[in-house]
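Student: I need the structure of the sequence given here:
(3 chains, ligands or ions: 4)
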Amino acid sequence: MTAPEPGSLLHPVASCADLVPRHVVKARLLGQDLAVWRADDGFINVWADRCIHRGVRLTVAANDGAELVCPYHGWRYSNRSGNCAYMPAHPSDAPPRRLRVPAFRSEERYGLIWSGGSPEAEPPRLPHLEADDTLVLRALPVNVPPDLALQGLHECSYQLGPAAGDAASISCDSAGPFAVAVTARTGSTEEIVVHFVQPVDGGRCVIRPVMRGTPAAGRRLSILRHHARQLEELRARLESSAGSRVTVRGPSTALEPLPRPSTTAASGRAPQLEVSVARKWLTAEGIAAFELAPMSGQLPSFQPGAHVDVHLPNGLVRQYSLTNGPGLTSVYRLGVKLEPDSRGGSRCMHDSVHEGDTLQLSEPHNNFPLRRDAARTVLIAGGIGVTPLLAMAQTLERQELAYELHYFAQSDDHLAFGEVLEPLSTGLVKHLGLSPDQTADEIEKITHDYGAASHLYVCGPGPMIEATRAIAGGSGWPDDAVHFEYFKNESELHDTSTFEVRLARTGRTLMVGAGISLLDSLRDAGVDMPSSCEQGVCGTCMATVLEGQLDHQDVFFNDSERAAGNQMLTCVSRAAGERIVLDL
Amino acid sequence: MYLATDQERSSTEYPAWSQIRESDWHILAGFWHPVAFSTELEDGPVAATLLDVDLVVYRTSEGVAVAKDLCIHRGSRLSGGWISDDGACIVCPYHGLHYDSSGQCTLIPANEPDSAPPPKTMRLVSYLAAERYGIVWACMKPEPLRPLPEWPHLDEYGPEWLRIQIPKGTWAATASRHCENFNDIAHISWVHMQTFGNRARPVVPDYTLEQTDYGLYMALPYIEVERGFNDDLGEREREVFYRHHLTYPFATDLRVDYYEDDGESFVTSHFFDIGSPVSARTTDIYQVSLTNIPGATVEDYAEYQLVTNSEDIVIVESQRPEEVPLNLAAETHIRADRLSVRYRRDLVEMFGLGSPEMVA
Amino acid sequence: MIKLYDYLLSVNCYKQRLLLSILDVPYERVDIDFYPGWEHKGAEFRKINPLGHIPVIDDDGYVLWDAHAILVYLASKYDPTGSWYPVSDPRRLGEVASWMLFAEGTTNTASAARLHVSLDYDFDLEACQAGAHRLFRVLDEHLWFQEQQGQEWVASGESPTVADIALFPDVALSEDGGISRLDYPALRRWTERVQRLPGFIDMPGIFPVAKAPA
Ligand SMILES: N[C@@H](CCC(=O)N[C@@H](CS)C(=O)NCC(=O)O)C(=O)O
Ligand code: FES
Ligand code: FES
Ligand SMILES: [Fe+2]
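Tutor: Ligands and ions are numbered 1, 2, ... in the order given. The predicted structure is shown next:
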């Protein structure tokens, strides 16, 4: 029998007890450095130990319970997805969706965390151990290759016997390619310790012993000490006998990170996610709340202010904001108001979508990004417009950044998501039952003293947004400090102005609509375009231009390259005229 | 135990043990790099390593000189030797052979005093050497690719200026990682929280960036936090203006301007920073500052700069991969990174660094 | 007021600043011109400490040198709870003394490696690193067993002691001296617990940690 490739298996990388709250464990598996951390919701992330920006190790990042914060430039990465959620240098931009720390498998068994690059492999299931009744003994890093450690464990099994005494008969067997089980019998009692060997790299490993069963409380410490001492002796022997013979070999297979959670193209408007309605309830007068859980795998991460396109059973596509705070990553939570003059979107959500139903969604998009660097943040919500602002308020609350959430509604009964509002009490101000004029007066009061670095976010009915923008403008708020998202579920997704792109190699022609990047249009048309920054900085998405005038919007090219007009960055730049021809 | 009879004296200039790729090594060897502060030569020759080559740096009456740290007679390290009493030669500590500043052997003490002078072929492997800004520079190719950085105000400055030489540091990082960090704006609000960084101002504006004949010029304002390091006034914000002149490949003049707290006196400081590539992942840092802040002292300035460096070093040493990826798609870039994107492109497009391996 | 003869980049001076900050004791810094003056080696300073070392404190005319001795004095005098230097509990006091001696070892290995790398001190780097690893292995095992018994600090008991302060920067800055903490997960958890103590102050090179969950 040939031994399986180590890269095709899962291996232990830490013990569950190592993952204390707000901590990042440093680990290494098959030459791959790992950052392992548990979020406050319990999810365990096993990530490449490397910030995708400038390569700083994420094991020195701060774990705030929902995001890892890189110490070099403060980029934040979300629990579960590993997506970059925020870049402080450009606080008004939503980071491109594909910016993501490579992630690896993460499974718990026998009190250990198991990881690897294989999407299919499972942690071993051994007859020697029961899954939820084990004692994890002290792990020991050893500076010898894994195969020498395994051989040493076999040879030294006698010494790894029980803490109780030496009358025992000791046997030892292989428990899979990377584990040795040592069984000690005295009369009718049996003690089993499985020593898992974590292949660190070509020259090192960690021996992780796990004992079957839970010892009596009084014996626990002496058992732990006994085994730690025996293993320490084994280590000394292994290291001295390996001595200079150890040549550090690289791992035979590099550890491959997992693919992105959604496999379809990550842009465009085709549905990409299948979710089921895990919970539906009436959260306020006329407002239905939904929790949507993934049918498989993880939900893509989102930023505060983001929305998803929901593909309804009746064929309509509607956009709904996510109300999720940063800790809630297992479901998307939406609120939908029943619009009396609905053309069928909210009616369908209210009447025809039930718990257990399946829905198709897009990945979250963010046109309403939240800055986290403001001196003052004012959130103004009108009715159901509270949904994106709830996500924002929870984010600010978690980072202990000051904010005010002004929630305008008809009455107490019309306040949605009371359970989310409750813990926000410090920043929350309710304005109930006001007429449009009274509302304007209130907004006047809220916005009358503009100070530098203040930002205002408003979402609600169109006239309220208009009024707020006018009032704030009158009080000296600059345009770029007033952020708004029109809350209009019934609108068409995109307007229709377009330019034409001809792809010279395939002879195809496509239209690029306003509001959609050329890059996204090319991808929708099945052209496999690479990208990285999606901000016109890195040049990854470059295309050669054969014909047509260009509207360059990047910062990558210098003046002469720009003037040459034979290359463009498809993520930000567009045609200046009606048509361009690309060498694609 | 022995080298084979057909082994030549030194078969190539590229040191076989170097982890720098050979094609990059030949390009980097064509630039001037610092090998010592002038002050280090006061007590005789010193050793240095540049691009994995061990060097001896010495001063004779002719000026500074740089050669392989290897006596051609029996391979002793010349850096263990001394300067002859007449100041003209470096003397090997093993058998006392004398070499002048061009590397020519001028005296073999074991020979009869009246024997013929040593042959012209008896010479050290010498390199181009220059002394400027209180720094000794070496170039390991006969034709430098670029001149020395042009920093005239560091050649000559009036009495209102104070010059501060920072102790040489050694970073376990590549010279380009160090250089990018020195010219990186976005990190200041994160990394320099005990010196001048301002966590409340993390936003990087669209700054000026120009390609110049020496490299890059970048200019932008920043609001530092002055933490009362050298005074008792406590923490306060201070608006400063940064001008970075980056001379390729690793030398930067950072000019910092601001108004003193009185709002009247305008002061300027220059932070000159040069990374010298010792080996693939080791860099010696040469820093000199110049300031006209009234009352500034060498001690305070040096301490402040060392604290600043120690904030940077832990971060830069932790970057992976250690080498700067010259394939732009290998890391993620944002608008704040325009300088480093341009820098990486120019290293490739102007000098040919990072060219793909030839496949036989 | 206490005068602390101090240098910002010295770990042993930092230990004093850290304890003074935690105990909330006001003091005055006397910045020693380490570079370029080597003031601590000069005749003037040797009148204060003939060994030519910092830190030194001068508490109203009472002069004391040696970092770990100063910690003992400051805790005994200025900690009203008596928990940082537990004189009333002989067993804990013994443990504290033992780990303070251990900390001499980490200072002479881990912190010496850092001085060699960052301030060009002449130490045998490889010997320092190997020595630090030997000590870190012992300390990691000790802290792991402490955790198994519900204990968070180096010495037993509910609260930290001067032994934690004496060891902290030697461990937390070890990567500066090229000493990886990959193999010491319990040490990494313990440094974060120290960083979360009320009154904790940073030294350059120590990465910030997130707050403990509410
Ligand atoms: N606060 C000083 C210090 C400035 C300073 O040290 N600047 C350099 C030191 S490293 C710098 O900003 N370099 C970019 C960096 O690495 O932070 C000033 O501006 O007057
Ligand atoms: S390297 Fe992590 S944010 Fe820049
Ligand atoms: S993806 Fe970076 S420039 Fe387009
Ligand atoms: Fe810096």
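Student: Output the lowest mean pLDDT helix or strand found in chain C.
Tutor: For chain C, the helix or strand with the lowest mean confidence is helix C:112-119, at a mean of 79 (criterion: mean pLDDT, DSSP states H and E).
Student: Identify each buried residue in it, please.
Tutor: C:112-118 (16 or more other C-beta atoms under 10 Å in any protein chain shown). For glycine as for every other residue, the C-beta is placed from the backbone atoms N, C-alpha and C.
Student: Output the longest helix belonging to the chain.
Tutor: You didn't say which chain, so I picked chain A. The single longest helix within chain A, with elements called by DSSP state H, is helix A:217-242.
Student: was after chain C, sorry
Tutor: Under DSSP H, chain C gives helix C:125-148 as its longest helix.
Student: What residues of it count as buried?
Tutor: Result for helix C:125-148 [16+ other C-beta under 10 Å]: buried residues C:128-129, C:131-133, C:135-137, C:139-147.
Student: Quick check: mean pLDDT of that helix?
Tutor: For helix C:125-148, mean pLDDT is 96.
Student: elements contacting that helix?
Tutor: helix A:217-242, helix C:90-106, helix C:112-119, helix C:162-172, helix C:185-195 (3 or more C-beta pairs under 8 Å, 6 or more residues apart in numbering or on different chains; DSSP states H and E).
Student: how far is the fourth one from where the chain is centred?
Tutor: So that's helix C:162-172. Centroid separation for helix C:162-172 versus its chain: 4 Å, with C-alpha atoms, centre = their mean, to the nearest Å.
Student: hmm, who's touching that helix?
Tutor: Here helix C:162-172 makes contact (C-beta atoms under 8 Å, 6 or more residues apart in numbering or on different chains) with C:11, C:14-15, C:18-19, C:22, C:67-68, C:71-72, C:75, C:84-85, C:95-96, C:99-100, C:102-103, C:106-107, C:110-111, C:136, C:139, C:153-155, C:181, C:187, C:190-191, C:194-195, C:203, C:205-206.
Student: Which residue ranges of the stretch 1-150 of chain B form helices?
Tutor: Assigned by DSSP state H, counting those that start in this stretch, the stretch 1-150 of chain B shows helices spanning B:22-28.
Student: no no, the stretch 51-200 of chain A
Tutor: So, for the stretch 51-200 of chain A - with DSSP H, counting those that start in this stretch - the helices run A:146-155.
Student: which parts of it sit against chain B?
Tutor: Applying C-beta under 8 Å from any C-beta of the partner chain, one finds that the stretch 51-200 of chain A approaches chain B through A:52-57, A:60, A:71-74, A:84, A:87-91, A:99.
Student: Distance across stretch A:93-110, terminal residue to terminal residue?
Tutor: End-to-end distance for stretch A:93-110, by C-alpha to C-alpha, to the nearest Å: 43 Å.
Student: do stretch B:146-154 as well
Tutor: 19 Å.
Student: what comes up buried for it?
Tutor: In stretch B:146-154, counting by 16+ other C-beta under 10 Å, buried: B:146, B:148-149, B:151, B:154.
Student: from those residues, which is closest to ligand 3?
Tutor: Proximity of the buried residues of stretch B:146-154 to ligand 3 (C-beta to the nearest ligand atom) peaks at B:Arg146, which lies at 29.0 Å.
Student: residues contacting that closest one?
Tutor: B:Arg146 neighbours (C-beta under 8 Å, 6+ apart): B:31-32, B:214, B:247-248.
Student: before we move on, what about A:Tyr77?
Tutor: With C-beta under 8 Å, 6+ apart, A:Tyr77 has these contacts: A:47, A:58, A:61, A:67-68, A:70, A:83-85, A:101.
Student: Across the sheet, point out what pairs with the nearest residue to it once chain neighbours are set aside.
Tutor: In space, and not counting its chain neighbours, A:Tyr77 is closest to A:Leu68: 4.8 Å by C-beta to C-beta, 6 or more residues apart in numbering or on different chains. Beta-bridge partners for A:Leu68, by DSSP bridges, are A:Asn63, A:Tyr77.
Student: what subset of the residues of the stretch 51-200 of chain A next to chain B is also close to chain C?
Tutor: A:60, A:71.
Student: Weed out the non-buried ones from the residues of the stretch 51-200 of chain A next to chain B.
Tutor: Looks like these have A:52-57, A:60, A:71-74, A:84, A:87-91, A:99 buried, using 16+ other C-beta under 10 Å.
Student: so who does B:Thr283 touch?
Tutor: B:170-171, B:173-175, B:178, B:275-277.
Student: how much space between it and B:Gly169?
Tutor: 9 Å (C-beta to C-beta, to the nearest Å).
Student: What of A:Thr447?
Tutor: Taking C-beta to C-beta, one finds A:Thr447 at 51 Å from B:Gly169.
Student: same thing with C:Gln146?
Tutor: From C:Gln146 to B:Gly169 the distance is 37 Å (C-beta to C-beta).
Student: Please apply the same query to A:Met211.
Tutor: Following C-beta to C-beta, the distance that separates A:Met211 from B:Gly169 is 49 Å.
Student: likewise A:Leu231?
Tutor: For A:Leu231, the distance to B:Gly169 equals 41 Å [C-beta to C-beta].
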